[in-house]
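Chemist: Requesting a structural model of the entry that follows:
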Amino acid sequence: MKLNVKAFSLACALTWGLGVFSLAWWIILFDGSTHEIPFLGRIYRGFNISPAGSIIGLIWALADGAIGGAIFGWLYNCFVDKCCQT
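Modeler: Numbers count the residues shown, from 1 in each chain. The predicted structure follows:
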């Protein structure tokens, strides 16, 4: 069974983007806005624990999730085609 690469890419982008955004707001709610640079801030330029930083992280994570999901879906379809040729 092949994956729909566009749909899988969109699902990965939304999952990762909303996950990063939710995590940032979870920390803001319990610890306050610290403007500290977390580990993801070293990867996603501009991301920190603040309301503006959570939006920047959301944008980076949407792009990252979409690209990662597209690559994974494409590779999965390539392997399924080669493995399941009967």
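Chemist: where are the low-confidence patches of the protein?
Modeler: Within the chain, the stretches with pLDDT under 70 are 85-86.
Chemist: need the helices for it, in chain order.
Modeler: Taking DSSP state H as the criterion, the chain contains helices spanning 5-31, 39-43, 51-83.
Chemist: what about the last one, distance to the chain center?
Modeler: Spelled out, it's helix 51-83. With Cα atoms, centre = their mean, to the nearest Å as the basis, helix 51-83 stands 6 Å off its chain's centre.
Chemist: same question, the shortest one
Modeler: Its chain's C-alpha centre and that of helix 39-43 lie 13 Å apart, by Cα atoms, centre = their mean.
Chemist: give me the number of residues near Ala24?
Modeler: Ala24 sits with 26 neighbouring residues when counted by other Cβ atoms under 10 Å. Heads up, the C-betas are built off the backbone N, CA and C, glycines and all.
Chemist: wait, Gly17
Modeler: Residues near Gly17, counting by other Cβ under 10 Å: 20.
Chemist: isn't it right next to Ile55, touching?
Modeler: No: using Cβ atoms under 8 Å, Gly17 is not in contact with Ile55, being 10.6 Å away.
Chemist: Report how many residues lie close to Ala63.
Modeler: By other Cβ under 10 Å, the residues close to Ala63 number 14.
Chemist: and the nearest residue to Gly41 once chain neighbours are set aside, how far is that from Leu29?
Modeler: Spatial nearest neighbour of Gly41, chain neighbours left out: Phe47 (4.5 Å); criterion: Cβ to Cβ, 6 or more residues apart in numbering. Phe47 sits 17 Å away from Leu29, going by Cβ to Cβ, to the nearest Å.
Chemist: Pick out whichever of these two has more residues nearby.
Modeler: The neighbour count for Phe47 versus Leu29, taken as other Cβ under 10 Å, is higher for Phe47 (25 against 9).
Chemist: wait, what's in contact with that one?
Modeler: Neighbouring residues of Phe47 by Cβ atoms under 8 Å, 6 or more residues apart in numbering: Val20, Ala24, Ile37, Pro38, Leu40, Gly41, Gly53, Ser54, Ile56, Gly57, Trp60.
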